[in-house]
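Enquirer: no letters, just coordinates:
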Ligand code: GLN
């Protein structure tokens, strides 16, 4: 009830698209009964959680923040949602995002932008000489994205954990801007069944929490083979409970030199080097490493992402799900108008680019070439980890959260690409990575750093993250 009250109180953040109050209260009641009887469903019994609105939920509208899916009520739960519920979690609602998770700001969804709770922190307001809680002014900060609703929901204490999705940084980026842990698991560790796809070969469900131990608990619930997702790995999954690491002196921390880009803000840069010094002073080996194909990662991501988008979005034709326009002159006209009305410019732009890259005459030069470059990018990581590096330490974002009005002035297409420079390569390589909040900037806003680990070393990665947090 406290969480529900907070959801109401922080409505102006626009974190939730749907609040599933009735269901949550019923689940809470059942959980309380179990508690009184001394029975427990599992690791999350009675714990309020929120889920990004691109995960299917039985009986609860699932919109992807798009006109195309408004009104669509799935007949099944995504595997991860079912697993949360099976462990007793209380589903508070579905969180806001960029339309179909395409973006890095949570500003582009059809339900409007998400506001960063830190816009209203005392320290930030004082620095900006603003009244402490003026909810109506326009000078608020973006959450980052695309899982900004999930980040705002956790950051505003309306739930303890939230699911995001991460295709190129969408969980880690808003975690960095909202001062949270944002974890992207290894590709194949957590089922994508029921996560409405953006880029099938890169998408993973992500976890947002306030501490690393909470992430490990949720990961323990979600991880494992799913017969409904053939890309999940077979075999037993170990517990993800984290040991208390007291000695990091045996670790080797890699600092990729290509990540020192000119656009990196001086404050993030200085915190990054302070973090490296901290490991060094504890006896860990800190060494500069090279990921030589980093410079191709944004264009490579763009070709692969839009190509998969073009193919994925073909299912939204006005026949099966959600929106259908009123035009009935011909089937083609119905498709075209439905899609024009249903998708925003970002989605339509990506469908167009993707279809261009997939044209017979372009396929070899773009799509196939990008696949090859993707392999080189992934191999860069493999080589570094084979050289004895345990984890990589990098920035998560170029800078702290920016004001909304500033963000929307930048060019829509280039801004998302730049913002994801430290996160996208990880998805192309399928590796686990996590944002850890490090400090507040001079403005009083959170700054995070990212740890990246070898594939399927999720537990080791989180153990280092826990030591550092
Ligand atoms: N910003 C990236 C994009 O728009 C990543 C999005 C994501 O991870 N869902 O493609």
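Expert: Received the coordinates, thanks. Predicted, not measured: the structure shown is a model, and the values here were computed from it.
Enquirer: pLDDT at the most centrally placed residue in the chain, what is it?
Expert: Compute the mean C-alpha point of the chain, and by Cα atoms, centre = their mean the closest residue is residue 171, 1.8 Å away. With respect to pLDDT, residue 171 has a value of 98.
Enquirer: got a list of what it touches?
Expert: Going by Cβ atoms under 8 Å, 6 or more residues apart in numbering, residue 171 touches 147, 150, 164-165, 182-184, 206-208, 435. For every residue, glycine as well, the C-beta is placed using N, CA and C.
Enquirer: check residue 27 too.
Expert: Contacts of residue 27 by Cβ under 8 Å, 6+ apart are 85, 88-91.
Enquirer: got the residues of the stretch 201-350 of the chain near the ligand?
Expert: residue 305 (Cβ under 6 Å from any ligand atom).
Enquirer: at 8 Å what do you get?
Expert: 202-203, 301, 305, 346 (Cβ under 8 Å from any ligand atom).
Enquirer: most surrounded residue in those?
Expert: residue 301 (27 neighbours; other Cβ atoms under 10 Å).
Enquirer: in three-state terms, label the residue in the chain sticking out farthest from the centre for me.
Expert: Distance from the centre of the chain peaks at residue 329, with 41.0 Å (Cα atoms, centre = their mean). Put simply, residue 329 is coil when judged by DSSP: H, G, I helix; E, B strand; the rest coil.
Enquirer: also residue 288?
Expert: strand.
Enquirer: does it touch residue 255 like I think?
Expert: Yes: using Cβ atoms under 8 Å, residue 288 is in contact with residue 255, at 5.2 Å.
Enquirer: which one (most neighbours) among the contacts of residue 171?
Expert: Neighbour max across these (other Cβ under 10 Å) = residue 150, 40 neighbours.
Enquirer: tell me who's in contact with it.
Expert: Residue 150 touches 15, 50-52, 95, 97, 162-164, 171, 174, 208, counting by Cβ under 8 Å, 6+ apart.
Enquirer: point me to the helix or strand that includes it.
Expert: helix 148-155 (DSSP states H and E).
Enquirer: where does the closest residue to residue 145 other than its chain neighbours fall, phi/psi-wise?
Expert: Nearest-residue entry for residue 145: residue 106, 3.5 Å, with adjacent residues in sequence omitted and distances by Cβ to Cβ, 6 or more residues apart in numbering. In terms of degrees, to the nearest 10, the main-chain angles of residue 106 are phi 60, psi 40.
Enquirer: and if you look at residue 161?
Expert: Dihedral angles (degrees, to the nearest 10) for residue 161: phi -150, psi 150.
Enquirer: list the residues that contact it.
Expert: Counting by Cβ under 8 Å, 6+ apart, the residues that residue 161 touches are 47, 49-50, 154, 207-209, 214-215, 218.
Enquirer: cutoff 10 Å now
Expert: 44, 47-51, 84, 89, 150, 153-154, 180-181, 207-210, 214-215, 217-218, 221 (Cβ atoms under 10 Å, 6 or more residues apart in numbering).
Enquirer: over to residue 307?
Expert: Residue 307 neighbours (Cβ under 10 Å, 6+ apart): 199, 350, 353-358, 362-363, 366-367, 370-371.
Enquirer: now the buried members of those residues.
Expert: The neighbour-count test (16 or more other Cβ atoms under 10 Å) marks 199, 350, 353-355, 357-358, 362, 366-367, 370 as buried among the contacts of residue 307.
Enquirer: among these, which ones are in helices?
Expert: Among the buried ones among the contacts of residue 307, the ones falling in helices (DSSP state H) are 350, 353-355, 357-358, 362, 370.
Enquirer: ok, back up a step: the residue nearest to residue 145 and residue 146 touch, don't they?
Expert: Yes: between residue 106 and residue 146 there is a contact under Cβ atoms under 10 Å: 6.0 Å.
Enquirer: in strands, which of the contacts of residue 27 fall?
Expert: The strands, defined by DSSP state E, take in 90-91 from those.
Enquirer: from the contacts of residue 27, which two are the most distant?
Expert: The span of these, defined through Cβ to Cβ, is set by 88 and 91 at 10.9 Å.
Enquirer: leaving out the residues flanking it, which one is nearest to whichever residue of the stretch 201-350 of the chain sits closest to the ligand?
Expert: Residue of the stretch 201-350 of the chain nearest the ligand, by Cβ to the nearest ligand atom: residue 305 (5.3 Å). With Cβ to Cβ, 6+ apart as the criterion, residue 305 has its nearest non-adjacent residue at 5.0 Å, and that residue is residue 199.
Enquirer: who are the neighbours in contact with the one you found?
Expert: 101-102, 167-168, 301, 304-309, 311-312, 427-428.
Enquirer: what's the neighbour count on residue 8?
Expert: 10.
Enquirer: element containing it, please.
Expert: Judged by DSSP H and E, residue 8 forms part of helix 2-9.
Enquirer: count the neighbours of residue 450 for me.
Expert: 28.
Enquirer: on that earlier part again, can you pull the phi and psi angles for the residue farthest from the centre of the chain?
Expert: Dihedral angles for residue 329 - degrees, to the nearest 10 - are phi -70, psi -40.
Enquirer: what's the separation between it and residue 335?
Expert: For residue 329, the distance to residue 335 equals 12 Å [Cβ to Cβ, to the nearest Å].
Enquirer: so residue 124 touches residue 179, yeah?
Expert: No: contact between residue 124 and residue 179 fails when scored by Cβ under 10 Å: they sit 11.5 Å apart.
Enquirer: need the overlap of contacts for those two.
Expert: Common neighbours of residue 124 and residue 179 (Cβ under 10 Å, 6+ apart) are 116, 118, 401, 440, 445.
Enquirer: scan the residues you listed and report the most crowded one.
Expert: When neighbours are counted by other Cβ under 10 Å, residue 116 leads the shared contacts of residue 124 and residue 179 with 33 neighbours.
Enquirer: grab the nearest non-local neighbour of that one.
Expert: Nearest-residue entry for residue 116: residue 141, 4.1 Å, with adjacent residues in sequence omitted and distances by Cβ to Cβ, 6+ apart.
Enquirer: is that neighbour in a bridge, and if so with what?
Expert: For residue 141, the beta-bridge partners are residue 403 (DSSP bridges).
Enquirer: again, but for residue 60
Expert: residue 57.
Enquirer: quick one: is the helix holding residue 150 near the ligand?
Expert: No: using Cβ under 8 Å from any ligand atom, helix 148-155 never reaches the ligand; the gap is at least 10.9 Å.
Enquirer: which element is encountered next along the chain beyond that helix?
Expert: Next element after helix 148-155 (DSSP H and E): strand 161-166.
Enquirer: parallel or antiparallel, list what pairs with that next one.
Expert: Take DSSP bridges as the rule and strand 161-166 pairs in its sheet with strand 48-52 (parallel), strand 204-209 (antiparallel).
Enquirer: so residue 200 makes contact with residue 188?
Expert: No: the pair residue 200 / residue 188 is not scored as a contact, 11.9 Å apart, by Cβ under 10 Å.
Enquirer: need the residues touching each of these two.
Expert: Both residue 200 and residue 188 are contacted by 229, 231, under the criterion Cβ under 10 Å, 6+ apart.
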